[in-house]
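Q: here you go, sequence then predicted model.
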Amino acid sequence: MSTGTDETMDRLFPKPQRKEILRSTYVMFDAEDFSIPNFHVLKENILTAITKEGYRGRIKIKGYFGDKKTIPQELLDKYLEAGIYSKIFEGDRVARMNMMLVELLFWAMAHYPQGTNVLIITKNQNILERHKVWNVIESLEERDFYFAIEHPHTFFPPTGPTCA
């Protein structure tokens, strides 16, 4: 698993074997965790990083939101226009993290036994520990799932005006 802190820092996922080139990748992030300067650039940077790794399979990118009363529809529309899906869960950050975990498990069930790549973008890796996400990640890694946990700055520098 890449966490941006070890010797695999240059790679998100292990170099694919021939049979893994078409492996799917699921990208998930708490959309309220950080601002996105440009939705299209974010998506392109993610796609470029994954294809540079040698993977050519389906890539699904999903941002998770909290209380829908505070999220303007135009913001959700910008995500969709960029090809980034959004999911709204009522509740606070804990509820969002728990539902992200449930979504991850559904993704895993749909892709077992062939395995898949999962990229979690977060500015706070400690949140994963507090929500027991590491336990799930370790279990899925034993079942041929590859994980990368990356800071948002991996995909865009922290400069300029923001969209969110």
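A: Happy to help now that I have it. Numbers count the residues shown, from 1 in each chain.
Q: Ile50: how many residues sit nearby?
A: Other residues near Ile50 number 22, with proximity taken as other C-beta atoms under 10 Å. (Glycine included, C-beta is placed from N, CA and C.)
Q: shouldn't it be in contact with Asn117?
A: Yes - here Ile50 lies in contact with Asn117, judged by C-beta atoms under 8 Å, at a distance of 7.4 Å.
Q: intersection of neighbour lists for the two?
A: 12-13, 25 (C-beta atoms under 8 Å, 6 or more residues apart in numbering).
Q: which residues of this structure score low on pLDDT?
A: For the chain, applying pLDDT under 70 flags the ranges 1-9, 130-131, 157-164.
Q: elements contacting the lengthiest helix in it?
A: Determined from DSSP state H, the single longest helix within the chain is helix 93-111. Where contact means 3 or more C-beta pairs under 8 Å, 6 or more residues apart in numbering; DSSP states H and E, helix 93-111 is packed against strand 25-30, strand 59-65, helix 133-141.
Q: make TSV from the ones you listed and add mean neighbour count to it.
A: Listed next are the helices and strands packed on helix 93-111 as TSV, based on neighbours: other C-beta atoms under 10 Å:
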stretch	mean neighbour count
strand 25-30	23
strand 59-65	19
helix 133-141	16
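Q: let's have the ones you listed in a markdown table, adding distance to Phe89.
A: Formatted as a markdown table, the helices and strands packed on helix 93-111 follow (distance: least, C-beta to C-beta, whole Å):
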| stretch | distance to Phe89 |
| --- | --- |
| strand 25-30 | 10 |
| strand 59-65 | 7 |
| helix 133-141 | 15 |
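Q: residues in contact with Ala49?
A: 12, 154-155.
Q: apologies, that question was intended for Phe145.
A: 108, 111, 115-118.
Q: widest-spaced pair of those residues?
A: Largest separation among those by C-beta to C-beta: Ala108 and Asn117, giving 11.5 Å.
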